[in-house]
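Engineer: Model the structure of this input:
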Amino acid sequence: MGVYIFYFLLGILPVLWIISIVLLRKWKHIIRYFIGNIVLVLVYFFGLFYSGISFFEHDEFGLKKVFLFLMIIGTHTFIGFIFALYYKYKMSKITT
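Structural biologist: Predicted coordinates:
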């Protein structure tokens with residue numbers, strides 16, 4: 001059962017990302033936000049997979065790193081979605 005919840009959460013990440021972009025489409029800093037997020041994901045990727053830092057004592061196949069990366073990306077996407085909701089709420093308060 002837990003594996004299906006994990007798959008569901010992974011599957012919903014692109015949906016949350018697209019909704020976040022739609023909610024932020026009128027923001028004047030959307031290009032910087034988008035590029036900054038792409039750069040941050042690349043830093044996560046290279047920092048986790050290509051740095052000499054060992055996060056786990058025993059990770060023979062590297063699966064722990066892969067799941068850690070997925071968790072980091074998921075958390076990052078969820079925080080971005082919360083930010084988009086906050087921005088949309090703040091803008092709706094200003095315009096009304």
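
Engineer: Leu23 touches Tyr86, doesn't it?
Structural biologist: No - taking contacts as CB atoms under 8 Å, Leu23 lies outside contact range of Tyr86: 9.6 Å. (Each C-beta comes from the backbone N, C-alpha and C, glycine too.)

Engineer: Of the two, which one has the most company?
Structural biologist: Leu23 (18 against 11; other CB atoms under 10 Å).

Engineer: Contact partners for the more buried one?
Structural biologist: Applying CB atoms under 8 Å, 6 or more residues apart in numbering, one finds that Leu23 lies in contact with Ala84, Leu85, Tyr87, Lys88.

Engineer: Assign the third one to helix, strand or coil.
Structural biologist: Using DSSP: H, G, I helix; E, B strand; the rest coil, the structure places Tyr87 in helix.

Engineer: related to what we said a few turns ago, let's see if you can find the most crowded of the contacts of Leu23.
Structural biologist: Taking other CB under 10 Å as the neighbour criterion, Ala84 ranks highest of those with 21 neighbours.

Engineer: Pretty sure it sits against Ile19.
Structural biologist: Yes - using CB under 8 Å, Ala84 makes contact with Ile19 at a distance of 7.2 Å.

Engineer: for Ile19, what are its contacts?
Structural biologist: The contact partners of Ile19, taken as CB under 8 Å, 6+ apart, are Phe81, Ala84.

Engineer: Repeat the analysis, applying 10 Å as the threshold.
Structural biologist: For Ile19, the contact set (CB atoms under 10 Å, 6 or more residues apart in numbering) comprises Ile12, Phe81, Ala84, Leu85.

Engineer: Output those residues in a markdown table, with pLDDT appended to each entry.
Structural biologist: Converted to a markdown table, those look like this (pLDDT from 0 to 100):
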| residue | pLDDT |
| --- | --- |
| Ile12 | 95 |
| Phe81 | 95 |
| Ala84 | 94 |
| Leu85 | 95 |
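
Engineer: What about those, which are in helices?
Structural biologist: Among the contacts of Ile19, the ones falling in helices (DSSP state H) are Ile12, Phe81, Ala84, Leu85.
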